[in-house]
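Visitor: sequence? don't have it. structure:
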């Protein structure tokens, strides 16, 4: 079942993100890795900044996947898309993405680590295209608040391109 997350889901969101993010350990630059990958305070900051999380909830009640959506200026950003490792490969991410695309307005973009080839392929399978380096830099400066180091090691994909 897919549902919008509430404050009651914050601990579960944090658990899903940090479990799934283990896939990035050793792949993204070590100076960009944090342990935990998303600390509680960062998750709360993202929610205050307007990221609205949606979740895939198992019949048992546990969250198996989460994905955020954020409106920034004239665009919709897909943010923090994670499926717990035990549930990966079951279509949960695809289902969440389809649901969020139905709520999107304006251009829809997602940023991810350049070294996360599996994530790039996932978004490309769902109609996203990689932006050029110049476009990526402009979009990251305009729509995201991230460090210079993260900007240089990331890519941006736009839906429908």
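Guide: Ah, there it is. Quick caveat: nothing in here was measured; it's all calculated off a predicted structure.
Visitor: show me the contacts for residue 143.
Guide: Counting by C-beta atoms under 8 Å, 6 or more residues apart in numbering, residue 143 touches 72-73, 75, 77, 109. C-beta coordinates here come from the backbone N, C-alpha and C atoms, glycine included.
Visitor: where exactly do the helices run in this protein?
Guide: 10-20, 40-48, 92-101, 117-125, 133-143, 148-152 (DSSP state H).
Visitor: which stretch among those comes nearest residue 64?
Guide: helix 92-101 (5.7 Å; C-beta to C-beta).
Visitor: Now do that closest one: which elements does it pack against?
Guide: If you count contacts as 3 or more C-beta pairs under 8 Å, 6 or more residues apart in numbering; DSSP states H and E, helix 92-101 packs onto strand 2-4, strand 52-57, strand 63-72, strand 75-83.
Visitor: same thing but 6 Å
Guide: Judged by 3 or more C-beta pairs under 6 Å, 6 or more residues apart in numbering; DSSP states H and E, helix 92-101 is in contact with strand 63-72.
Visitor: what's the angle between the strand it packs on and helix 40-48?
Guide: Per axes from the mean of the first three to the mean of the last three C-alpha atoms, to 10 degrees, the angle that strand 63-72 makes with helix 40-48 is 50 degrees.
Visitor: which pair in the contacts of residue 143 spans the largest distance?
Guide: Of all the pairs that the contacts of residue 143 form, the one spanning the most space (C-beta to C-beta) is 73 and 109, at 11.2 Å.
Visitor: Now render the helices of the chain as a markdown table, adding mean pLDDT.
Guide: Formatted as a markdown table, the helices of the chain follow (pLDDT from 0 to 100):
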| stretch | mean pLDDT |
| --- | --- |
| helix 10-20 | 97 |
| helix 40-48 | 97 |
| helix 92-101 | 97 |
| helix 117-125 | 97 |
| helix 133-143 | 95 |
| helix 148-152 | 92 |
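Visitor: Distance to residue 66 for these - can I get that in CSV?
Guide: Compiled in CSV, the helices of the chain are given as follows (distance: least, C-beta to C-beta, whole Å):
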stretch, distance to residue 66
helix 10-20, 5
helix 40-48, 10
helix 92-101, 8
helix 117-125, 15
helix 133-143, 20
helix 148-152, 20
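Visitor: who does the nearest residue to residue 119 once chain neighbours are set aside bridge with?
Guide: Once flanking residues are discounted, residue 119 sits nearest to residue 112: 4.4 Å by C-beta to C-beta, 6 or more residues apart in numbering. Note on residue 112: beta-bridge partners residue 155, judged by DSSP bridges.
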